[in-house]
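Engineer: need a structure here:
(one chain, ligands or ions: 1)
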Amino acid sequence: MFRQAIVLVLIGLSAAAAHSVDYKAGDLQIGHPYARATPPGATVAGAYLSIENKGKTADKLLRAASPVAGLVELHSMRMDGNVMRMRAVPAIDVPAGASVKLAPGGLHVMLQELKRPLKSGERVPLTLVFERAGEVKVDLAVESASAAPAGSAHRSHADHGAHAK
Ligand SMILES: [Cu+2]
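Structural biologist: Take a look at the predicted model:
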């Protein structure tokens, strides 16, 4: 009985690993880069991932680029009263030994001037440029928009109304 339980756990882990792709570049590990599928006509989409710095030197995400977007910015997001506001930030620090999460409701990569809708199930190239690690190419897994957690601030990306330039 005990042995059977362990086998089941291992199968569960390998299924999760197949879904989530990690990328390594020097001391950095980029985890689970993804974006959400966009409705027709949408011109912006948020992209999310985690950055782990396993080294002893701080690094910095300076910019990003993608062939599907005319403009890509690094954004932060915070509540201002009950309005969610996003603004462009010049860089995202990745301190030595730290793990930085780009996630809905917080820091994210903003794909703007989308050239076409993002379709659930496809992979979209994204190039991240770090101060030390240099260029890191990853694929964003496009996930269905309905997978958004309830109350996700990022649904407001569809209109981008509260965006402060
Ligand atoms: Cu944004």
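Engineer: from here on, just use CA atoms for contacts and neighbour counts.
Structural biologist: OK.
Engineer: ok, the spatially most central residue of the chain - contacts?
Structural biologist: The centre of the chain sits closest to residue 48, judged by C-alpha atoms, centre = their mean, with a distance of 1.2 Å. For residue 48, the contact set (C-alpha atoms under 8 Å, 6 or more residues apart in numbering) comprises 32-35, 101-104, 108-109.
Engineer: so for those, which is the shakiest by pLDDT?
Structural biologist: Here the lowest pLDDT out of the contacts of residue 48 sits on residue 104, with 92.
Engineer: for residue 65, see how far away it is.
Structural biologist: Distance of residue 104 to residue 65, given as C-alpha to C-alpha, to the nearest Å: 19 Å.
Engineer: about what we covered before: just the contacts of residue 48: which are in strands?
Structural biologist: Applying DSSP state E to those, the entries found in strands are 32-35, 101-102, 108-109.
Engineer: which of those sits closest to residue 87?
Structural biologist: residue 108 (10.2 Å; C-alpha to C-alpha).
Engineer: beta partners for the closest one?
Structural biologist: Beta-bridge partners for residue 108, by DSSP bridges, are residue 75.
Engineer: oh, and call the first residue 8 from now on, that's how I've got it
Structural biologist: That works, and once the first residue is 8, the last one we named lands at residue 115.
Engineer: number of nearby residues for it?
Structural biologist: 25 (other C-alpha atoms under 10 Å).
Engineer: doesn't residue 93 make contact with it?
Structural biologist: No. Applying C-alpha atoms under 8 Å as the test, residue 115 and residue 93 come out as separate, 9.5 Å apart.
Engineer: ranking the contacts of residue 55 by neighbours, who comes first?
Structural biologist: Within the contacts of residue 55, most neighbours by other C-alpha under 10 Å means residue 42, with 28 neighbours.
Engineer: correct me, but that one touches residue 110?
Structural biologist: No. Using C-alpha under 8 Å, residue 42 makes no contact with residue 110, being 10.0 Å away.
Engineer: need the overlap of contacts for the two.
Structural biologist: Common neighbours of residue 42 and residue 110 (C-alpha under 8 Å, 6+ apart) are 54-55.
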